[in-house]
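Participant: Can you look at this prediction? I've put the sequence above it.
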Amino acid sequence: MTEQKAQQIAARTGIDLEHGAYAAGPAGARRLPPFDVLAVARTEAVIARLRSTQKHPACSRMSWRYQRGGLGQASLHYLETHAPDILLVEVEEDPDRVLAQLAELSQVLEARTRVILINAEAPPDQRLLRDVFKLGVSEFLFPPFAETEVVHALGAVAADIGEVRQGRLTAFLGVRGGVGSSTVAQTVAVAISMFSEAEVILADLDQQTGTVALNFDAVDARTLTDVLRRRSPIDDVLMERLFVPVNERLKLLLVEPSFENAPHLAAPALNAIISLADRRGRQLLFDMPSVWDSRTRKTLAQADHVVITAEPTLGCLLTAQKALESLRGVRGASRDVTLVLNKYRSQRGNAVPDRAFTEMLGLGADQVVRVPADAALFSHAQYSGKSAVQFKEGAAASQALIALAARVNGGLAYGSALPLGQRLAAKLRQWW
Ligand SMILES: Nc1ncnc2c1ncn2[C@@H]1O[C@H](COP(=O)(O)OP(=O)(O)OP(=O)(O)O)[C@@H](O)[C@H]1O
Ligand SMILES: [Mg+2]
């Protein structure tokens, strides 16, 4: 890699490959994104070289899988179901065979998978080099085939993908305390994990009055608060160890609430949590304290989507107006903002008509979700240690929160989005 290319990568990603991955780039010290890498190599020497690359600090967030052998039918079949973010392939000597292998690969690979070819023994001829790049190969590694070359190639792919965050971060907070923001965040997290393939992480950022541990019946689980108290260094490997699984796809990151704690998490801890959204397909949900100060605004600026909860009262309308003003100050006129009108009463009417909310707050109709007041549903669900969606999926409040979950997740495999057969199966499951 030329110095110029390394500088371009550093400018676009903050990853300074020339001076070691921990050197502070323009965006501060950063490691390569948490790619899922699959290496298919014919020789033990290449596997050994890649295994030592894996130990490079820049690669510490990646997960690596290895397959010994060429791109035979078995590995092609495996690729079809276990597509990695990056596929490293040791190719054969014969250029025609390489091109034939690439043609086979293109039949099974997902578009998002980037391919890096390796010939550790000899440089490829110019024609082959031109042809493989035309076919969409990202990099071709040849002698000298050293760890740093592989790290450079991975850095180039990261720069090419451009966007380092691959998952999504959604922040939930109330215009003021007690409006039901945590209930909304927790129910949405469960709904996404139930009705999509996404990996969901629900992080409790409310160090003083957080309710995630309590509501998921996990008060004895390990928390971030323990780690912060011990002043242990925080990185994302540690974060992943703190996850408390709820089901196959939903994991919690908990705090131990106490008024002794500061209202906000310290910046390094917060940044480590935010970087959890780096992994593709992850939905990171923040259950935030309903405090609107400069630290809150900084966190909101980093979210892909902000869900603000209010009750349909005059007091909430006025605070919501201030909250949205403050939000627009940091996020501009982004439409990735949703207002939840919680504890909504359609029968006896609300203190403030909801048109007042949309008009005064300058929101589109699609940006407002109404969740009916249903004290019985939420309190019974809470006592049974379930979320409202699991307790009574058909209730109007559950349905509203499932609709919000679809908005947050960019769609759910639910209701009319499901093929008829699956819809019937879901209905039958409800009855039995
Ligand atoms: N739609 C609803 N109908 C009836 N009760 C609800 C509804 N949504 C939430 N609640 C109840 O409101 C109470 C407060 O909810 P929650 O703790 O989620 O609020 P919060 O905004 O997160 O508060 P805090 O400021 O303490 O973080 C809970 O008892 C919850 O069960
Ligand atoms: Mg709360």
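Facilitator: Received it, and whenever you're ready, just let me know what you need. None of these values were measured; they are calculated from a predicted model. Ligands and ions are numbered 1, 2, ... in the order given.

Participant: where along the stretch 301-432 of the chain do the strands fall?
Facilitator: In the stretch 301-432 of the chain, the strands defined using DSSP state E, counting those that start in this stretch lie at 305-310, 337-344, 368-372.

Participant: Could you see whether ligand 1 lies near the last one?
Facilitator: Yes. For strand 368-372, a contact with ligand 1 is found by C-beta under 6 Å from any ligand atom, at residue 371. All C-beta spots, glycine's among them, are computed from the backbone N, C-alpha and C.

Participant: surely residue 275 meets residue 237?
Facilitator: No. Using C-beta atoms under 8 Å, residue 275 is not in contact with residue 237; the gap is 11.2 Å.

Participant: Among the strands of the stretch 301-432 of the chain, show me which one is buried the most.
Facilitator: By mean neighbour count, with neighbours taken as mean count of other C-beta atoms under 10 Å, strand 305-310 ranks first of these at a mean of 25.

Participant: just checking, what packs against that strand?
Facilitator: Under the contact criterion of 3 or more C-beta pairs under 8 Å, 6 or more residues apart in numbering; DSSP states H and E, strand 305-310 touches strand 168-174, helix 181-195, helix 314-331, strand 337-344, helix 396-409.

Participant: Who has more neighbours out of residue 275 and residue 237?
Facilitator: Just comparing residue 275 and residue 237: by other C-beta atoms under 10 Å the higher neighbour count belongs to residue 275, 22 against 10.

Participant: ok, and the closest non-adjacent residue to that one?
Facilitator: Using C-beta to C-beta, 6 or more residues apart in numbering and skipping the chain neighbours, the partner closest in space to residue 275 is residue 236 (5.6 Å).

Participant: what about that neighbour, neighbour count?
Facilitator: Residue 236 has 19 nearby residues by other C-beta under 10 Å.

Participant: Briefly note if stretch 211-221 comes near ligand 1.
Facilitator: Yes. Residues of stretch 211-221 contacting ligand 1 under C-beta under 6 Å from any ligand atom: residue 211.

Participant: how much distance is there from that stretch to the middle of the chain?
Facilitator: 22 Å (C-alpha atoms, centre = their mean, to the nearest Å).

Participant: now the end-to-end length of that stretch.
Facilitator: 13 Å (C-alpha to C-alpha, to the nearest Å).

Participant: Equivalent analysis for stretch 278-293, please.
Facilitator: 26 Å.

Participant: Could you do stretch 298-313 as well?
Facilitator: 27 Å.

Participant: and it, what's its mean pLDDT?
Facilitator: On average, the pLDDT along stretch 298-313 is 91.

Participant: repeat for stretch 408-422
Facilitator: 75.

Participant: now do stretch 359-376
Facilitator: Mean predicted lDDT for stretch 359-376 stands at 92.

Participant: Going forward, the N-terminal residue is numbered 36.
Facilitator: Will do, 36 is the new start, and the previous item becomes stretch 394-411.

Participant: Which residues does that stretch contact?
Facilitator: 215, 219, 352, 355-356, 359, 370, 372-381, 389, 392-393, 423, 430-432, 435-436, 438-439, 442 (C-beta atoms under 8 Å, 6 or more residues apart in numbering).

Participant: Next, the buried residues of that stretch.
Facilitator: 396, 398, 402, 403, 404, 405, 406, 407, 408, 409 (16 or more other C-beta atoms under 10 Å).

Participant: Low-confidence ranges, this structure, go.
Facilitator: 36-65, 197-200, 382-385, 451-467 (pLDDT under 70).

Participant: Kindly report the domain assignment for it.
Facilitator: 38-196, 203-466 (automatic domain parsing).

Participant: For the stretch 36-185 of the chain, which segments count as strands?
Facilitator: Going by DSSP E, counting those that start in this stretch, the stretch 36-185 of the chain shows strands at 71-76, 98-103, 121-125, 149-153, 174-176.

Participant: need the residues of the stretch 236-385 of the chain near ligand 1, please.
Facilitator: Close to ligand 1, as judged by C-beta under 6 Å from any ligand atom, the stretch 236-385 of the chain has residues 241, 244, 246, 325, 377, 378.

Participant: 5 Å instead?
Facilitator: 244, 325, 377, 378 (C-beta under 5 Å from any ligand atom).

Participant: Could you identify the most distant pair in the residues you listed?
Facilitator: Farthest apart among those by C-beta to C-beta are 244 and 378. That separation is 18.5 Å.

Participant: In contact with residue 297, which residues?
Facilitator: residue 242.

Participant: A strand includes it, no?
Facilitator: No. Checked against DSSP: H, G, I helix; E, B strand; the rest coil, residue 297 lies outside a strand; its state is coil.

Participant: Backbone dihedrals for it, please?
Facilitator: When read as degrees, to the nearest 10, the backbone of residue 297 gives phi -70, psi 150.

Participant: how near is it to residue 107?
Facilitator: Counting by C-beta to C-beta, to the nearest Å, the gap from residue 297 to residue 107 is 57 Å.

Participant: before we move on, back to that, give me the buried subset of the contacts of stretch 394-411.
Facilitator: 215, 219, 352, 355-356, 359, 372-379, 389, 392-393, 423, 430, 432, 435-436, 438-439, 442.

Participant: for residue 444, what are its contacts?
Facilitator: So residue 444 contacts 203, 227, 231, 233, 318 (C-beta under 8 Å, 6+ apart).

Participant: TSV for those, including neighbour count?
Facilitator: Converted to TSV, the contacts of residue 444 look like this (neighbours: other C-beta atoms under 10 Å):
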residue	neighbour count
203	19
227	26
231	20
233	19
318	27
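
Participant: Now do the contacts for the nearest residue to residue 123 once chain neighbours are set aside.
Facilitator: In space, and not counting its chain neighbours, residue 123 is closest to residue 74: 4.3 Å by C-beta to C-beta, 6+ apart. The neighbourhood of residue 74, defined by C-beta under 8 Å, 6+ apart, consists of 81, 82, 85, 99, 100, 101, 102, 123, 124.

Participant: tell me, which of these make contact with ligand 1?
Facilitator: Counting by C-beta under 5 Å from any ligand atom, nothing from the contacts of residue 74 sits close to ligand 1.

Participant: Using neighbour counts, trim the residues you listed to the buried set.
Facilitator: 81, 82, 85, 99, 102, 123, 124.
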